[in-house]
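Asker: I need the structure of the sequence given here:
(chains A, B, C and D)
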There are 2 protein chains.
Amino acid sequence: MAETLDPLHSEKDLRRGIEAMFFAYRGFTQDPDRILAQHGYGRAHHRALHFIHRESGLNVNTLLSILGVTKQSLNRVLRTLIDHGLVEVSVGTEDRRERNLALTDKGLTLIAELSEAQAARVRAAYAAAGPQAVAGFEAVLEAMMDSDLRDHYGRANR
Amino acid sequence: MAETLDPLHSEKDLRRGIEAMFFAYRGFTQDPDRILAQHGYGRAHHRALHFIHRESGLNVNTLLSILGVTKQSLNRVLRTLIDHGLVEVSVGTEDRRERNLALTDKGLTLIAELSEAQAARVRAAYAAAGPQAVAGFEAVLEAMMDSDLRDHYGRANR
DNA sequence: TTGGAATGTCAACAAGGCTGACGTATTCTG
DNA sequence: CAGAATACGTCAGCCTTGTTGACATTCCAA
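Answerer: The predicted model follows:
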């Protein structure tokens, strides 16, 4: 499966990789950040919208574990999204303690705008680097995740 | 150079890539964050230490453009690093308005600890994914950067 | 010698993390 | 059925790290 004879990566290689993550992440968030600022939202709102969109009807606890923040922190963000009519809350059908989250049409409109801006950059990078590079990109990133995060990755991406 | 017949990447592909960046970046910062917290520092301190280490003697303006923050924001971080004896400032030799930044032994000790923790994860991911994947990883990330950031990437990595 | 560049610093503010504590439904369990 | 546990919301306060705006100092260069 893995290479049996893995070359040792030099300090320089690793530093390059570390800086690549740093600089690329900046580019990665830049376009949506601009749009968010126009609407008076932040990156935290984007993340919430993204994962509610990916898995409509998910409950608060699940979203918390995906985002890896405290409920107080999420609540602040969720509160504004609900009050602004981007997210809609409903009582769980199985367990009525749970709250199911879903995007409204207004929420769908915003996430579409954000996603398209971000996807455009990723699409351009994928096109520039080529399909084989994309496979490598995904493989390294997946290996870099924590195992508990890896469970969420791919979830609802079937 | 680039593929002449680039396949279109589906929405699903792009979403996977976007989430890969999100989850992987979390893993990427996690280990150094723990160490930083023990010392009472934050991610901003790590970034400053990293780039001062990479290019010892660089001036404030250069560091500002690499980090992409305001001078007030950087100054706060730099102030504590200087006061705590991790960074040492000297007046520029050519232009005496400039301040050259360098790490002290104490600063070198901390950045070594941080870098090693972060490099360990990258090294493990590289080993798991294989050398060809690493090349793709770098290619995609480099293509994802803003062009002005790309100038800094690789700088002093010669 | 004067304008602009590089730097430092004060003050105020906002986003978005955190902890701790508490309240209220609702469900599970002994 | 009573009490424990779970899911969620919220109040209060704190921290880091970003922002803007204003202003002082030092020094280079035309």
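
Asker: so which residues of chain A form helices?
Answerer: For chain A, the helices defined by DSSP state H occupy A:11-39, A:43-54, A:60-67, A:71-83, A:105-129, A:131-144, A:147-152.

Asker: what's the most buried one of those?
Answerer: helix A:131-144 (a mean of 22; mean count of other CB atoms under 10 Å in any protein chain shown). All C-beta spots, glycine's among them, are computed from the backbone N, C-alpha and C.

Asker: how many residues are close by the residue of chain A found nearest DNA strand C?
Answerer: Closest approach between chain A and DNA strand C, counting by CB to the nearest atom of the strand: residue A:42, at 1.4 Å. Other residues within reach of residue A:42, judged by other CB atoms under 10 Å in any protein chain shown, total 13.

Asker: for chain A, which residue is closest to the average position?
Answerer: residue A:47 (5.6 Å; CA atoms, centre = their mean).

Asker: what's near enough to touch it?
Answerer: For residue A:47, the contact set (CB atoms under 8 Å, 6 or more residues apart in numbering or on different chains) comprises A:67, B:22.

Asker: repeat for residue A:126
Answerer: The neighbourhood of residue A:126, defined by CB under 8 Å, 6+ apart, consists of A:133, A:134, B:6, B:9, B:13, B:14, B:17, B:140, B:143.

Asker: let me have the residues you listed in a markdown table, adding distance to DNA strand C and pLDDT as columns.
Answerer: Listed next are the contacts of residue A:126 as a markdown table, based on distance: CB to the nearest atom of the strand, whole Å; pLDDT from 0 to 100:
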| residue | distance to DNA strand C | pLDDT |
| --- | --- | --- |
| A:133 | 30 | 97 |
| A:134 | 27 | 97 |
| B:6 | 34 | 51 |
| B:9 | 28 | 82 |
| B:13 | 26 | 92 |
| B:14 | 22 | 95 |
| B:17 | 21 | 97 |
| B:140 | 25 | 98 |
| B:143 | 26 | 97 |
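
Asker: closest to residue B:125 among these?
Answerer: Nearest to residue B:125, judged by CB to CB, of the contacts of residue A:126 is residue B:140 at 14.2 Å.
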